[in-house]
Every structure is written in structure tokens, then in C-alpha cells.
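Participant: starting from these lines, generate the structure:
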Amino acid sequence: MRRCLLIYKQYIFKSKSLTTTQLGPIYKINQTYTLGASYFYVAGGATTIGNTYQNNTVNTQRFLLSALAYYPFGRISLQYGRDTEIKNSFIETRRLAIRYTTEF
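Facilitator: Below is the predicted model of the structure:
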């Protein structure tokens, strides 16, 4: 188990490891278009300051739907997602991303 240790004045800050799991299917329609769905689960990262447990374990679950288009001039992707459950973390109510990627 990997830990983070930080000493500030007389306090010792310790952090446990944060674990992320991702899974999801990808469906290739043809050479140009691809669809995907992903599920993410993040847990861990509890901290202590001195000998005091902070009760701040992160527990996040989210999903992401993706559509990709591969063209000769580059790749265009559209993603939509949101958090389904949050504990001790930032809340992301919705995510919408449009990306253009090209090689150079």
C-alpha cells in the first residue's frame, strides 16, 4: 500500500492510497464511428493529521457515454456523463465534452 507523508510543524499528515476502477463496452459501428459506455468507481484516500483520523474517505461512482468519429483530418469525440454517487468529493452533476484531435 502506497502512502503519502507530509510533515508540517509538529503535525504529520498521512494519506492512504486511492483506488480507481473503470470498465465498459465499446461498439465499433464501422471504420468511422464508435460508441462507448464507461463506469468509474473511486475509493480510498483517507487521511490522518497527527493521530487524528479525518473521516474523509473518497467514494465516487460515475458513468460516461462516448461517441467517436474518425476522419482523415482528425478525430472528433462527444462525451456525456455524470456522477451517480458521491461521498467526500467534488460533485460533478453533468459533463459534456466535445474534442477534436489531430496528428501533426
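Participant: could you check how far the residue positioned nearest the centre of the chain is from Tyr27?
Facilitator: Central residue of the chain (C-alpha atoms, centre = their mean): Phe40, 6.4 Å from the mean position. When C-beta to C-beta, to the nearest Å is the yardstick, Phe40 and Tyr27 sit 19 Å from each other. Every C-beta, even on glycine, is put in place using the N, C-alpha and C of the backbone.
Participant: again, but for Val58
Facilitator: Between Val58 and Tyr27 the distance is 31 Å, computed by C-beta to C-beta.
Participant: what bits of the chain have low per-residue confidence?
Facilitator: 1-10 (pLDDT under 70).
Participant: so which residues of it form strands?
Facilitator: Using DSSP state E, the strands of the chain run over 4-8, 11-15, 18-23, 26-28, 33-44, 47-49, 52-53, 58-71, 74-87, 95-101.
Participant: before we move on, the earlier item: doesn't Leu64 make contact with the residue nearest to the centre of the chain?
Facilitator: Yes - contact criterion C-beta atoms under 8 Å: Phe40 and Leu64 qualify, at 7.1 Å.
Participant: bridged to the nearest residue to Thr21 once chain neighbours are set aside, which residues?
Facilitator: Spatially, and ignoring its direct neighbours in sequence, Thr21 is nearest to Tyr41 (4.6 Å; C-beta to C-beta, 6 or more residues apart in numbering). Per DSSP bridges, the residues bridged to Tyr41 are Thr21, Gln61.
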